[in-house]
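Chemist: Give the three-dimensional model of this entry:
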Amino acid sequence: MSGQSALFLGEVMHMRVRPRRHRLHYRVFSLLLDFDELHATSVASRLFGYNRRAMLSFWDADHGDGSAGGLRIWIEARLREAGRLEEGMSIRVLCYPRILGYVFNPLTVYFCYASSGALRAILYEVCNTFGERHTYVIPVEDGTTGPVRQGCAKELYVSPFTPMSCFYRFHIEPPGNNVLVRIDESDAEGLLLVASFSGQREPLSDRALLRALFHYPLMTIKVTVGIHWEALRIWWKGIPVHSHRAAASRVATTIVAGKISGHQHS
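Modeler: Predicted structure coming up:
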């Protein structure tokens, strides 16, 4: 039941550079789900469900604006706003699934491909523990191959230990046999934080999902617990706290314009 969809087993790493160093890493798995395969994957699997209860599941309501119209329609509307919507596009989402009905995705990444296979845009959906969500829609420059480098200003409060006046730089190695999502967060004085997920591909099957559940039990709960535990450790180190600044809207989107660097065809 794999097709373009897959399981990625890997590691999340966070490294805080200033004002005091702090590093963490833990093993996780993510699902890469092709929207064209979601219904068939859900029907074929005993463990995975799309918009239905299952051991592992993916729900439209957990992403985008949670509207009844469906997540794909919402993504296509954002692509249209960015001038990147085409006929026959493939959209693949990299995220944690719900496990036993629970999930918290700090970052969900949508890879949007033209029918030719060219990567046309990447959407970065950032969530915080206050229930706020902000999606950065960044077109990929025509002719880009290999790793993608993009950037945008930070628009959503994420951590009490980083200020709002920051800039994100994304380094992406799109899903193949491996995947890498790296974010460098900087302020006016330079690099503050590096966060990354790197993983290796496995075909998506019930057997692979069962192994992942065995090796990473209750992973999504551990993600949330880990966030709060690491926050306590950082606070204990005396790193200054920045108060939560409520977002103007619980769900928001930024269309990012401008030249994007990558590897270009000559």
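Chemist: Let me see the backbone angles for the residue nearest the centre of the chain.
Modeler: Residue closest to the mean C-alpha point of the chain, counted by C-alpha atoms, centre = their mean, is T108 at 2.2 Å. With angles defined as degrees, to the nearest 10, T108 shows backbone torsions of phi -120, psi 130.
Chemist: Pretty sure D60 is one of the things it touches, is it not?
Modeler: No: T108 lies out of contact with D60 (C-beta atoms under 8 Å); the separation is 12.0 Å. Placement of C-beta: from N, CA and C, glycine included.
Chemist: ok so, going back, let me see the contact set for the residue nearest to the centre of the chain.
Modeler: Taking C-beta atoms under 8 Å, 6 or more residues apart in numbering as the contact definition, T108 lies against 63, 93-95, 124-125, 127.
Chemist: Mind listing the residues bridging to it?
Modeler: According to DSSP bridges, the partner residues bridging T108 are E125.
Chemist: how close does F161 get to I239?
Modeler: Taking C-beta to C-beta, to the nearest Å as the measure, F161 and I239 are separated by 5 Å.
Chemist: Same question for I255.
Modeler: When C-beta to C-beta is the yardstick, I255 and I239 sit 33 Å from each other.
Chemist: Give the burial count for S205, as a bare number.
Modeler: Using other C-beta atoms under 10 Å, S205 is surrounded by 17 other residues.
Chemist: pLDDT at it, what is it?
Modeler: What the model reports for S205 is a pLDDT of 96.
Chemist: State the distance from it to R211.
Modeler: Computed as C-beta to C-beta, the S205 to R211 distance reads 9 Å.
Chemist: do the same with N128
Modeler: Distance, N128 to R211, by C-beta to C-beta: 31 Å.
Chemist: and R211, that's in a helix?
Modeler: Yes: if the criterion is DSSP: H, G, I helix; E, B strand; the rest coil, then R211 is within a helix.
Chemist: Contacts only, for it.
Modeler: If you count contacts by C-beta under 8 Å, 6+ apart, R211 has none.
Chemist: quick revisit: what's the overlap in contacts for F161 and I239?
Modeler: With C-beta under 8 Å, 6+ apart, F161 and I239 have common neighbours R16.
Chemist: and F214, what helix or strand is that in?
Modeler: Element membership of F214, judged by DSSP states H and E, is helix 206-215.
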